[in-house]
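S.K.: The sequence isn't on hand, but the structure is:
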């Protein structure tokens with residue numbers, strides 16, 4: 001059976017998220033490019049610190065995906081007045097989660113890094129970075145709540161404008177605070193962290209003002225601040241908790257990846273941070289289309305058009321592959337120029353080339369895997385997606401460990417684990433969409 005959802009409708013939802021992700025990743029590109037000119041220690045520490053931060057913030061992101069799925073379902077059911085209450089309860093939870101993570105991690109961070117990092121210099125720089133960076137967790141969690149609302153109702157342009165504002169703020173502050181320009185103190189790696197926190201605060205303020213000015217509060221039932229409902233929060237958590245754990249486990253796997261690479265030496269860690277930054281850019285179209293997949297799958301089920309789900313996912317997959325192949329071609333045609341964006345160290349550029357070729361291949365497999373996997377979570381069967389992710393990440397960490405400890409191992413061999421990840425998660429997700437019992441799921 002075909003789906004009535006057109007390529008134009010898919011693109012309408014996906015492209016603002018993609019464009020927003022492009023701008024969002026200017027933050028990552030800028031941090032890496034600037035710190036790549038400070039030194040390899042700072043570059044490696046930003047890799048460890050950045051992935052550690054992302055691992056924590058993925059708890060909030062996972063909760064917001066669960067919220068987004070519910071919002072899209074209510075939108076599909078034409079129960080728009082219930083959306084506002086869902087978003088308000090989502091924000092209550094996300095704010096408390098952000099505060100909790102900051103308090104706990106501020107205390108636990110020195111204990112963790114003293115035991116897992118071998119290089120004293122990398123440990124000191126990572127701790128310095130995270131002392132400031134962790135403060136952004138609260139602002140990031142609030143922003144996730146707004147993203148859940150706008151993606152869930154398929155009004156995603158505001159995400160683009162917000163991230164543009166956020167990226168411009170971050171780029172300017174990186175230039176000012178890392179190197180001490182315009183009379184400011186030179187903060188080095190701490191400057192990158194401070195800039196990111198202020199940028200996240202700026203994005204939160206933008207979301208608030210945009211929502212107050214342009215959203216129909218009455219239609220969506222927003223800002224009523226009715227009595228807190230534990231029943232509603234429990235319903236959200238039923239969908240969102242597996243997504244939280246799934247995203248947390250996913251990035252925990254990546255955190256272990258960088259911990260293992262750190263034991264290969266500071267140079268290998270610096271290579272991996274450069275590759276990570278390029279890799280994240282390659283994932284931009286994937287993130288946009290996976291968000292569209294979550295929303296449209298849940299919307300179709302809300303409209304009782306379950307037979308259209310798999311054709312829709314395959315249609316989205318075609319669009320996503322085209323976008324990723326475009327980036328892969330750039331990497332393969334002018335690899336040195338791509339790498340030189342992130343570092344001016346000729347040796348680092350030369351030694352990063354093999355890993356760049358590996359992730360370019362991996363991106364194709366990840367495209368297939370992530371889109372199919374988003375189809376699973378979009379059905380509302382988030383426990384199933386959690387189980388799939390947990391199984392795959394366990395295998396991912398194990399293979400990474402074996403590759404790092406292989407005799408005469410090289411960092412590019414370790415990055416080949418991403419190919420395995422894409423193949424396995426894609427296969428399991430397709431099998432579940434084809435044969436799993438998700439069609440009558442109510443959320």
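M.R.: Great, that's in hand. These numbers come from a predicted model, not from an experiment.

S.K.: Tell me where the model's unsure across the protein.
M.R.: 1-3, 16-17, 19-29, 440-443 (pLDDT under 70).

S.K.: max-length helix in it?
M.R.: helix 40-76 (DSSP state H).

S.K.: So which elements touch whatever helix or strand residue 412 lives in?
M.R.: Element membership for residue 412, per DSSP states H and E: helix 411-415. Taking 3 or more C-beta pairs under 8 Å, 6 or more residues apart in numbering; DSSP states H and E as contact, the helices and strands that helix 411-415 lies on are helix 230-262, helix 266-282, helix 346-378, helix 382-404. In short, each C-beta sits where N, CA and C put it, glycine included.

S.K.: from those, which stretch is densest packed?
M.R.: Neighbour counts averaged per stretch over these are highest for helix 266-282, at a mean of 24; criterion: mean count of other C-beta atoms under 10 Å.

S.K.: now the angle between helix 382-404 and that helix, please.
M.R.: Helix 266-282 runs at 150 degrees relative to helix 382-404, counting by axes from the mean of the first three to the mean of the last three C-alpha atoms, to 10 degrees.

S.K.: follow-up on the earlier one: residues making contact with the helix holding residue 412?
M.R.: Contacts to helix 411-415, defined as C-beta atoms under 8 Å, 6 or more residues apart in numbering, come from residues 257, 260-261, 264, 268, 271-272, 275, 351, 354-355, 357-359, 362, 400, 403-404, 406.

S.K.: ok and the strand or helix carrying residue 309 relative to helix 266-282, angle-wise?
M.R.: Per DSSP H and E: residue 309 is located in helix 309-333. Using the same axes, to 10 degrees, the inter-axis angle of helix 309-333 relative to helix 266-282 is 130 degrees.

S.K.: quick check, distance from helix 309-333 to the centre of its chain.
M.R.: Put simply, helix 309-333 sits 18 Å off its chain's centre (C-alpha atoms, centre = their mean, to the nearest Å).

S.K.: Stretch 175-191 now?
M.R.: With C-alpha atoms, centre = their mean, you get 27 Å for stretch 175-191.

S.K.: Any buried residues in the helix holding residue 309, and which?
M.R.: 309-310, 312-313, 315-317, 319-321, 323-324, 327-328, 331 (16 or more other C-beta atoms under 10 Å).

S.K.: now do stretch 424-431
M.R.: 424, 425, 426, 428, 429, 430.

S.K.: Quick check: closest non-adjacent residue to the second one.
M.R.: Pointing back at residue 425 there. Of all residues not flanking residue 425 in the chain, residue 369 sits nearest, at 4.1 Å (C-beta to C-beta, 6 or more residues apart in numbering).

S.K.: do the same with the last one
M.R.: Of all residues beyond its chain neighbours, the one nearest residue 430 is residue 372 (5.1 Å), with distances taken as C-beta to C-beta, 6+ apart.

S.K.: The one you found and residue 172: what is the separation?
M.R.: Relative to residue 172, residue 372 is positioned 39 Å away (C-beta to C-beta, to the nearest Å).

S.K.: Residue 369 too?
M.R.: 36 Å.

S.K.: for the stretch 1-150 of the chain, what spans make up the helices?
M.R.: Counting by DSSP state H, counting those that start in this stretch, the stretch 1-150 of the chain has these helices, from start to end: 7-35, 40-76, 83-116, 120-133, 136-152.

S.K.: out of the ones you listed, nearest to residue 240?
M.R.: helix 40-76 (2.5 Å; C-beta to C-beta).

S.K.: Now tabulate the buried residues of stretch 424-431 in JSON lines and tack on secondary structure.
M.R.: Listed next are the buried residues of stretch 424-431 as JSON lines, based on DSSP: H, G, I helix; E, B strand; the rest coil:
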{"residue": "424", "secondary structure": "helix"}
{"residue": "425", "secondary structure": "helix"}
{"residue": "426", "secondary structure": "helix"}
{"residue": "428", "secondary structure": "helix"}
{"residue": "429", "secondary structure": "helix"}
{"residue": "430", "secondary structure": "helix"}
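
S.K.: any idea which of the residues you listed is closest to residue 236?
M.R.: Using C-beta to C-beta, these come closest to residue 236 at residue 429, 23.4 Å.

S.K.: Which residues are in contact with the residue nearest to that closest one when sequence neighbours are not counted?
M.R.: Counting by C-beta to C-beta, 6+ apart, residue 372 is the residue found nearest to residue 429 once chain neighbours are left out, at 3.8 Å. By C-beta under 8 Å, 6+ apart, residue 372 lies in contact with 313, 317, 425, 426, 429, 430, 433.

S.K.: Next, format these as a markdown table and append distance to residue 210.
M.R.: Converted to a markdown table, these look like this (distance: C-beta to C-beta, whole Å):
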| residue | distance to residue 210 |
| --- | --- |
| 313 | 31 |
| 317 | 32 |
| 425 | 35 |
| 426 | 36 |
| 429 | 34 |
| 430 | 38 |
| 433 | 35 |
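
S.K.: re the thing from before, the residue nearest to residue 429 and residue 239, how far apart?
M.R.: Distance from residue 372 to residue 239, by C-beta to C-beta: 19 Å.

S.K.: on that earlier part again, now flag whichever of the buried residues of helix 309-333 is closest to residue 36.
M.R.: Out of the buried residues of helix 309-333, the member with the shortest distance to residue 36 (by C-beta to C-beta) is residue 331, at 17.5 Å.

S.K.: looking at it, that closest one is touching residue 358, isn't it?
M.R.: No: here residue 331 lies out of contact with residue 358, judged by C-beta atoms under 8 Å, at a distance of 10.6 Å.

S.K.: any residues in contact with both of the two?
M.R.: Common neighbours of residue 331 and residue 358 (C-beta under 8 Å, 6+ apart) do not exist.

S.K.: what sits against residue 123?
M.R.: By C-beta under 8 Å, 6+ apart, residue 123 lies in contact with 113, 114, 117.
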